[in-house]
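**Q** This is a predicted model, with the sequence first.
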Amino acid sequence: MTTLLMIIGFGAATSVVVGLGQRLRLPWPALMVLIGIAGAFIPSFADITIEPELILPLFLPPLLFAAAQKTSWALFAIRWRTILGMAVALVGVTVAFVAGSAVLLVPGITISAAIALGAMLAPPDPVAVDAVAGTVSIPRRIMSTLQSEGLFNDAASLVIFQTAMAAVMTGTEVDFGQLLLSFLASAAIAIVVGLFVTFVAWWVMEKIDHTIARSSLMLVLPFGVYLIAEHLHASGVIAVVVAALEIRRRDVEGNSAERVTQASTWQVLEMLITGIAFGLIGLDLRVIVESEHADLGRAVVVGGVIAVIIVAVRFGWLLLGTLIERKRTQDDPDAAPLDIRDATLMTWGGMRGLATVALALSIPATTDTGQAFPGRSYVIVTAAVVLLVTLVLAGLTFPAVVNGLGIDDEAEKEQRATKEIALRAYRAAMLQIRNDDTLPDEVVEPLRVRFRILHDQLLGTTDDQASSEQATAFREHRKQLQQVQKAAMQSARAEVLRARRERGTDPEIADKVLRRFDLQSVLAR
């Protein structure tokens, strides 16, 4: 009952903290971590423990699924170098630097345990940076790059961690050849699982003519995909991301009501799950630190040094990335990072979160041979310090860093992209209307104006009085126009979905335009 009370409490606190963070212009996930730390001083809450093996399956699938739906296969086709460079190569480099530092700084730690520590601390959390960045305006090219990185880096880290932990528990050394094969096999199987389960789920949904029931299946899908992949010893992270991308690829123009329902549902669930998850992070931070009394002061110092190393490695890697991305701007004009300001902001956006907490809590007291886990107290305290530095400190100072760097939020560029997609949708709707030879001019004209108003609303250039007058005229011809409006809306939505799948289109901007057409279709029913 206490656990249930704690979850409800964190859920209620999330609603308050989101509003408070918006008013204070502070990232609310970092505030939720602070509330979790404060909650750990409540005696009944301090005794609450959630099984470590449940943390990732409970929180990671829905949050990853929601984040992955904001991107597309087309964007991944452009960003594959970034994904490999940051979600795989940077993870490996970070693991190497952390492991090397731990061997030098932590008494009694083995190479395998040091690699496990590196894997635990390597992956930035896509949910954290997404929620924190919502408090400030940063360029979409930077945000989409951070999102792309965050969707896959957990997969590489988890494979390295599991391999290193197996070596620690058995007293052997890490086989790097086997590690590479395990990662490739895990990724390949996960891709197959994600595609197959999505195919089955979509086939089932086509047989269900009930919006709420179809939306309910979408809520279950990420958990099912994750658990199936993990059962097959594949990457649940990659499987969930693949499923989300494939679901959006299969989306059709006729699913307006379903998209509106799911969008609202996911927004609420994503906020609550994120709030509860970060509240638990704060709760566990105190538990982690208090459980390790031996050499606590020195362990904190070691954790601080490793936190600085992690930040420095990321900054150095991103500086190297600026040289590469400048040469690729013709292929991808929205590439990032392009300069030292981009690299600084993306370094500060490398916030650790759920995966680090779950893996830290999973460290056992002894190995399979009955010996104490090498350097356990240092490993766990280091994880706590890195979380405080990269999540709480970085999160609370993120708005100040953005303002200090003076990075343009590129609002004009986003508006141009919105205009291009809205114009394509408008032309598709007009083509559908013109192709209907049975409509007289007095019917076509108000319908044409109606779609023009919708186009202007997307750009924020609508005259409210003119919109009201045209809306009244439109309602007078409603019965006559209903069928052709439906066909025109279908054409407009189909064009937006077509644009979303194209290389160079920002999926979030396309979704913004699509949502306006979906809402219009639902309200017109």
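**A** Looks like it came in fine.
**Q** Could you pick out the longest helix of the chain?
**A** helix 256-290 (DSSP state H).
**Q** For it, buried residues please.
**A** By neighbour count with 16 or more other Cβ atoms under 10 Å, helix 256-290 contains the buried residues 256-263, 266, 270-289. For glycine as for every other residue, the C-beta is placed from the backbone atoms N, C-alpha and C.
**Q** Show me the shaky parts of the stretch 1-150 of the chain.
**A** For the stretch 1-150 of the chain, the stretches flagged by pLDDT under 70 are 1-2, 43-50, 52, 133-135.
**Q** if we can go back for a sec, return the distance of the longest helix of the chain from the chain's centre.
**A** Centroid separation between helix 256-290 and its chain, computed with Cα atoms, centre = their mean, to the nearest Å, is 12 Å.
**Q** in terms of contact, does residue 178 touch residue 163 like I think?
**A** Yes - judged on Cβ atoms under 8 Å, residue 178 makes contact with residue 163 at a distance of 7.1 Å.
**Q** quick one, helices of the stretch 401-525 of the chain?
**A** 411-434, 441-459, 464-476, 478-500, 507-523 (DSSP state H, counting those that start in this stretch).
**Q** Residue 425 and residue 512 touch, don't they?
**A** No - Residue 425 lies out of contact with residue 512 (Cβ under 8 Å); the separation is 11.6 Å.
**Q** between these two, who's got more neighbours?
**A** residue 425 (30 against 17; other Cβ atoms under 10 Å).
**Q** Find the nearest non-adjacent residue to the more buried one, please.
**A** Nearest residue to residue 425, sequence neighbours excluded (Cβ to Cβ, 6 or more residues apart in numbering): residue 492, at 4.0 Å.
**Q** Can you get me a residue count around that neighbour?
**A** Neighbour tally, residue 492, other Cβ under 10 Å: 30.
**Q** show me the contacts for it.
**A** 425-426, 428-429, 451, 517 (Cβ atoms under 8 Å, 6 or more residues apart in numbering).
**Q** And the closest residue to residue 199 other than its chain neighbours, what's its pLDDT?
**A** Excluding the flanking residues, the one nearest residue 199 by Cβ to Cβ, 6+ apart is residue 246, at 7.9 Å. As predicted, residue 246 sits at a pLDDT of 92.
**Q** so which strand or helix has residue 246?
**A** helix 236-249 (DSSP states H and E).
**Q** Next: residue 316.
**A** Counting by DSSP H and E, residue 316 is part of helix 296-327.
**Q** Quick one: work out the angle between that helix and helix 256-290.
**A** 140 degrees (axes from the mean of the first three to the mean of the last three Cα atoms, to 10 degrees).
**Q** okay, now residue 22: neighbour count?
**A** 12.
**Q** Look up how far residue 31 lies from it.
**A** 11 Å (Cβ to Cβ, to the nearest Å).
**Q** ditto for residue 169
**A** 38 Å.
**Q** between the two, who's got more neighbours?
**A** Each of residue 169 and residue 31 has its neighbours counted (other Cβ under 10 Å); residue 31 has more, 25 against 15.
**Q** correct me, but that one touches residue 19?
**A** No - applying Cβ under 8 Å as the test, residue 31 and residue 19 come out as separate, 10.9 Å apart.
**Q** Ranking helices and strands of this structure by mean pLDDT, which lands last?
**A** helix 464-476 (a mean of 55; mean pLDDT, DSSP states H and E).
**Q** Can you flag the weakest of the helices of the stretch 401-525 of the chain by average pLDDT?
**A** helix 464-476 (a mean of 55).
**Q** For residue 161, identify the helix or strand it belongs to.
**A** Per DSSP H and E: helix 140-170 holds residue 161.
**Q** Buried residues, that helix. List them.
**A** Neighbour-count burial for helix 140-170 flags 140-168 (criterion: 16+ other Cβ under 10 Å).
**Q** Report the angle between it and helix 296-327.
**A** 130 degrees.
**Q** Next, the angle from helix 140-170 to helix 507-523.
**A** Using the same axes, to 10 degrees: helix 140-170 against helix 507-523 is 110 degrees.
**Q** Quick one: distance of helix 140-170 to the chain centre.
**A** 13 Å.
**Q** And the helix or strand following it, how far out from the chain middle?
**A** Next helix or strand after helix 140-170 toward the C-terminus (DSSP H and E): helix 176-207. Relative to the mean C-alpha coordinate of its chain, helix 176-207 is positioned 19 Å out (Cα atoms, centre = their mean).
**Q** tell me what helix 176-207 is packed against?
**A** Here helix 176-207 touches helix 140-170, helix 211-231, helix 236-249, going by 3 or more Cβ pairs under 8 Å, 6 or more residues apart in numbering; DSSP states H and E.
**Q** List the buried residues of it.
**A** 179, 182-183, 186-187, 189-191, 193-194, 196-198, 201-202, 205.
**Q** can you check stretch 218-237 too?
**A** 218, 221-226, 228-230, 234-237.
**Q** circling back to that earlier point, tell me what the helix holding residue 316 is packed against?
**A** helix 90-105, helix 340-348, helix 376-387.
**Q** so the longest one versus helix 176-207, what angle?
**A** In this structure, helix 90-105 runs at an angle of 140 degrees to helix 176-207, with the same axes, to 10 degrees as the basis.
**Q** which outside residues touch helix 90-105?
**A** Contacts of helix 90-105 (Cβ under 8 Å, 6+ apart): 109, 111, 113-115, 117-119, 121-123, 149, 153, 156-157, 160, 302, 305-306, 309-310, 313-314, 317, 375, 378-379, 382.
**Q** How far does that helix sit from its chain's centre?
**A** That offset, for helix 90-105, works out to 25 Å (Cα atoms, centre = their mean).
**Q** can I see the domain layout of this protein?
**A** Here the domain parsing of the chain from automatic domain parsing is 2-52+72-173+261-409, 412-523.
**Q** Tabulate those in CSV, adding columns for distance to residue 61.
**A** Shown next, in CSV, are the domains of the chain (distance: least, Cβ to Cβ, whole Å):
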stretch, distance to residue 61
domain 2-52+72-173+261-409, 10
domain 412-523, 20
